[in-house]
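Enquirer: Sequence below, structure please.
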Amino acid sequence: VAVGGSSKQALSKLWVDTFGLTKKSSFRSEKENVDEDILQCGRGPFAVEVDIMQPIDASKAPKVHVPPLNHIGLWIDDLPKCVDELTAQGVRFTPGGIRKGAAGFNVAFIHPKGNEAAPLSGEGVLIELVQAPDNVIKAFDSVKDE
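Expert: From the prediction side, this is the model:
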């Protein structure tokens, strides 16, 4: 989950100081106009990542703080296969293809708006597909029949 705001410090007061999430790392990208902290809730393969983000320049796009719920991320077992299958079904992806994300995993983003060529989208929500690491895939495999 990624939450944007005009002040990462204000977001940190809630998510880190109040809720007790742990800061794992930071990421800054001029190209993506983002300054973010990568937080973690829980531990092990079932830990949840929460990114708190502010724009480097609030007057420029992309505006990572608008809307405040910037995107949700979903673990994917085989990201290239998933992107190919969804593209064939008419899902629109953001430019840039599969790339290294802020947390170090390969990612691809489903566009929040469809177009004529690819009408399926997040319907207003940016959706991040994240290549799951082996330990997450194994952990989910161990409980999938429960």
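
Enquirer: and the protein, what are its domains?
Expert: Structural domains annotated on the chain: 1-66, 72-146, as defined by automatic domain parsing.

Enquirer: how about those domains in JSON lines, adding mean pLDDT?
Expert: Listed next are these as JSON lines, based on pLDDT from 0 to 100:
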{"stretch": "domain 1-66", "mean pLDDT": "93"}
{"stretch": "domain 72-146", "mean pLDDT": "93"}
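
Enquirer: want to try JSON lines for those domains, with mean neighbour count as columns?
Expert: C-beta: built from backbone N, CA, C; applies to glycine. As requested, the domains of the chain are arranged in JSON lines below (neighbours: other Cβ atoms under 10 Å):
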{"stretch": "domain 1-66", "mean neighbour count": "15"}
{"stretch": "domain 72-146", "mean neighbour count": "14"}
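
Enquirer: what about the strands in the protein?
Expert: For the chain, the strands defined by DSSP state E occupy 2-4, 22-29, 34-41, 48-54, 69-76, 99-100, 106-110, 126-131.

Enquirer: Could you dump those into CSV and include distance to residue 60?
Expert: Below are the strands of the chain laid out as CSV (distance: least, Cβ to Cβ, whole Å):
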stretch, distance to residue 60
strand 2-4, 14
strand 22-29, 12
strand 34-41, 11
strand 48-54, 12
strand 69-76, 15
strand 99-100, 20
strand 106-110, 18
strand 126-131, 17
